[in-house]
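Novice: Predicted model follows, preceded by the sequence.
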Amino acid sequence: MRFALASAVAALVLFAQRPQPADVVVLNAHVITVDPRFSIARAIAIADGRFVAVGSEADVRRLAGPKTQTIDLHGQTVIPGLADGHLHDAGGGPGVDLSRARSIADVLRAVAERVGQSRPGDVIVTNSDWHEAQLTEHRLVYRRDLDTVAPNNPVVVVRGGHEYILNSAALAKWHITKNTPQPAGGRITRDSAGELNGELIDRAKSLVTLPPAPRLTVEELQAQHRKLNAAGLTSIRYPGAPVEQYRLLQEMEQRGLLTMRVSQLLRFNSADSADAMRQAIASSGVRADEGDEWVRIGGMKLAVDGGFEGGWMREAYAEPWGEHGTFRGVNTMKQAAYTDVVKELNREGWRVATHAVGDAAIDEVLAAYEAADAERSIRGRRWTLEHGFIPQPDQFPRMKALDLVISAQDHLYLAGPSLVNYWGAARANRTTPVRDYLDRGFVVAGGTDSAVVPYPPLWVIYHFVTRDTISGGVMGAEQKISREDALRIETINNAYLTFEERIKGSIEPGKLADLVVLPEDILTCPEKHIEQMPVSMTIVGGKVVYDASRKGLRGE
Ligand SMILES: [Zn+2]
């Protein structure tokens, strides 16, 4: 009774303290709140960039004043702003664009066109945002393919973050021959006849010096964030970028230019020892976890293996990549040095996020995290496994004991058939077993690894719900998850990943007003619609940052 009276008084005081009406009310909506009960609401009120009421039309209309902006959604669906926990950039760039190539001939035509615009000897480089799984041949272009269109220009085909393919002129330019020793943490690949096929994996890429990428600017980041907003993204986590990028983001915040909430992991490529890491952190002037709800430091990115073509496995690759059962992928940072760096970061109070694709890579991560945990517990500090493609049953309890969060992406959606080639069907079909992770009680935060995989977050939801892939059909159907779980993975679980579940990730009073409007109910529409659905509107901090109707066209 006394408590009831106290809360009635508190409610009155609250009303008395809030004479100010809402800035925005959203009416006539189907609001999927993603609150703990997954409740559905009809209307939302926003003030000072936060949700102040979520409920019935009557609940919300009460808060409308003469200056309140009213958005009538005519029954459209509202979900919390979507997040990507592992996004490098939005793709594109000044190199040769291969994102629309659908065959080897398309790739060669695009390279040939650039050759035609260049002088003999000019180095030609492609953008990285494409994958051979999008080509009807399901294979890479190789040295001999490239030689047919570029006999006199060094060509470096960049694919994803782990791979270059060079033509003969490029191999000659950088003096790479059959006698070049295999670099530690990398791989110079050969064809079945023992000849170089032009492929350089992981640290072998350092044999090549590319023309410097154009400097990243505020304008470039703004343009990228606008593209991402149009796909429904309101929060992203950069999985390893230099301090300079963090400073640009801070400048954007100060100038009021941000339309995206950003968490950035730092990455110091050459910090291969505890001493080097300590010095790199000191000279960066950045403190662990500093920042606010717009720009935040989210920890330190490390990596121990390659990607599709270099994920480090307990068992050899499928032939011919297995090279007669000897090739198990690429270990880019050896256990001793890696453990040394991880322990140092733990002593300095940093959170660690490690790229680990294969099961052998996960073994290395677990050994290092356990060693750090023995000195100072990492439980509750949300250290992460980035990717975690092929976890083994014996690894789950160890991951659980360390209280790890899983940062998982939809690589299989893009690369399915290639992964069968590299690893065989059994491993490919298990790739990124989200169902297994959830069943064992892990928090899984979703993303794309863009520009390795294209950034639309609705594709992530579609893939996790169906396990369908772009060109290989359904793979690993037993790993399907519910639409509700997929939505959590793309919203509140990402907020958890960055210690922000109290301020975002669901539509609840008091939280940051980040939301996405969709033309259909994502929980009940036909499955294929999830993949093809355009975004109607995106709101960040109560401001409309994307509105399809105002652009006159849908999407970008
Ligand atoms: Zn990545």
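Specialist: Yes, it's here.
Novice: what number of residues lie near the residue lying closest to M333 once chain neighbours are set aside?
Specialist: Nearest non-adjacent residue to M333, counting by Cβ to Cβ, 6 or more residues apart in numbering: V304, 5.0 Å away. (Each C-beta comes from the backbone N, C-alpha and C, glycine too.) Neighbour count for V304, taken as other Cβ atoms under 10 Å: 25.
Novice: Need the pLDDT of V304.
Specialist: Listed pLDDT for V304 reads 97.
Novice: again with E323
Specialist: At E323, the pLDDT recorded in the model is 88.
Novice: so where is the protein shaky, pLDDT-wise?
Specialist: Applying pLDDT under 70 to the chain flags residues 1-19, 551-556.
Novice: Report the secondary structure state of the residue of it at minimum distance from the ion.
Specialist: With Cβ to the ion as the measure, D449 is the residue of the chain nearest to the ion, at 4.5 Å. At D449, secondary structure determined by DSSP: H, G, I helix; E, B strand; the rest coil is coil.
Novice: and it, what does it touch?
Specialist: Contact analysis of D449 by Cβ atoms under 8 Å, 6 or more residues apart in numbering lists H86, L87, H88, G161, P239, H387, Q409, H411.
Novice: rerun at 10 Å
Specialist: Going by Cβ atoms under 10 Å, 6 or more residues apart in numbering, D449 touches 84-88, 160-161, 239, 307, 355, 386-387, 407-411, 414, 455.
Novice: swap in V125?
Specialist: Going by Cβ under 10 Å, 6+ apart, V125 touches 93-96, 114, 154-158, 164, 170, 208, 210-211, 213.
Novice: let's see 7 Å
Specialist: G95, V156, V158, L210, P211 (Cβ atoms under 7 Å, 6 or more residues apart in numbering).
Novice: On the three-state scheme, it is what?
Specialist: strand.
Novice: How about G194?
Specialist: Judged by three-state DSSP, the three-state class of G194 is coil.
Novice: which residue sits closest to it, ignoring its sequence neighbours?
Specialist: Once flanking residues are discounted, G194 sits nearest to K178: 7.7 Å by Cβ to Cβ, 6+ apart.
Novice: Now that the one you found has come up, it's in contact with D191, right?
Specialist: No. Under the criterion of Cβ atoms under 7 Å, K178 is not in contact with D191, lying 11.4 Å apart.
Novice: Those two - which one has more neighbours?
Specialist: Higher neighbour count among K178 and D191: D191, with 14 against 10, using other Cβ under 10 Å.
Novice: Just read off the phi/psi values of that one.
Specialist: phi -90, psi -180 (degrees, to the nearest 10).
Novice: what about the closest residue in space to it that isn't next to it in sequence, how many residues close to it?
Specialist: The spatially closest residue to D191, leaving aside those adjacent along the chain, is N197, at 4.4 Å (Cβ to Cβ, 6+ apart). For N197, the count of nearby residues is 18 (other Cβ under 10 Å).
Novice: anything in the helix or strand encompassing N197 sitting right up against the ion?
Specialist: N197 belongs to strand 196-202 when assigned by DSSP states H and E. No. Counting by Cβ under 5 Å from the ion, the ion is not contacted by strand 196-202; separation bottoms out at 12.7 Å.
Novice: Can you tell me how far the residue nearest to D191 is from N179?
Specialist: According to Cβ to Cβ, to the nearest Å, N197 stands 16 Å off from N179.
Novice: And P393, by the same measure?
Specialist: Using Cβ to Cβ, P393 is found at 43 Å from N179.
Novice: try R247
Specialist: Computed as Cβ to Cβ, the R247 to N179 distance reads 43 Å.
Novice: Between the two, point out the one with more neighbours.
Specialist: Neighbour count, other Cβ under 10 Å: between R247 and N179, R247 has more, with 14 against 6.
Novice: what's the spacing between that one and F327?
Specialist: Taking Cβ to Cβ, one finds R247 at 41 Å from F327.
Novice: Would you mind naming what in this structure lies close to the ion?
Specialist: P239, D449.
Novice: ok now do the residue nearest the centre of the chain, which residues does it touch?
Specialist: Taking Cα atoms, centre = their mean as the criterion, H86 is the residue nearest the geometric centre of the chain, at 2.4 Å. Residues near H86 by Cβ under 7 Å, 6+ apart: R237, P239, E386, S407, Q409, G447, D449.
Novice: show me the contacts for the closest residue to it other than its chain neighbours.
Specialist: Setting aside the residues directly before and after it, H86 is nearest to G447 in space (Cβ to Cβ, 6+ apart), at 3.9 Å. By Cβ under 7 Å, 6+ apart, the contact set of G447 is D84, G85, H86, L87, S407, Q409, V460.
Novice: and the residues you listed, which of them are in strands?
Specialist: Among the contacts of G447, the ones falling in strands (DSSP state E) are D84, S407, Q409.
Novice: Can you report how many residues lie near the first one?
Specialist: Going back to what we said before, that points to D84. Neighbourhood size, D84 [other Cβ under 10 Å]: 29.
Novice: Surely A45 touches V60?
Specialist: Yes. A45 is within contact range of V60, at 4.7 Å (criterion: Cβ under 7 Å).
Novice: Can you pull the phi/psi pair for the residue nearest to the centre of the chain?
Specialist: phi -150, psi 80.
Novice: Looking at the contacts of V125, which two lie furthest apart in space?
Specialist: Spatially, the most separated pair among these is V158 and P211, at 11.8 Å (Cβ to Cβ).
Novice: which one of these two has more residues nearby?
Specialist: V158 (22 against 11).
Novice: So in terms of bridging, what pairs with that one?
Specialist: Taking DSSP bridges as the rule, V158 bridges to Y164.
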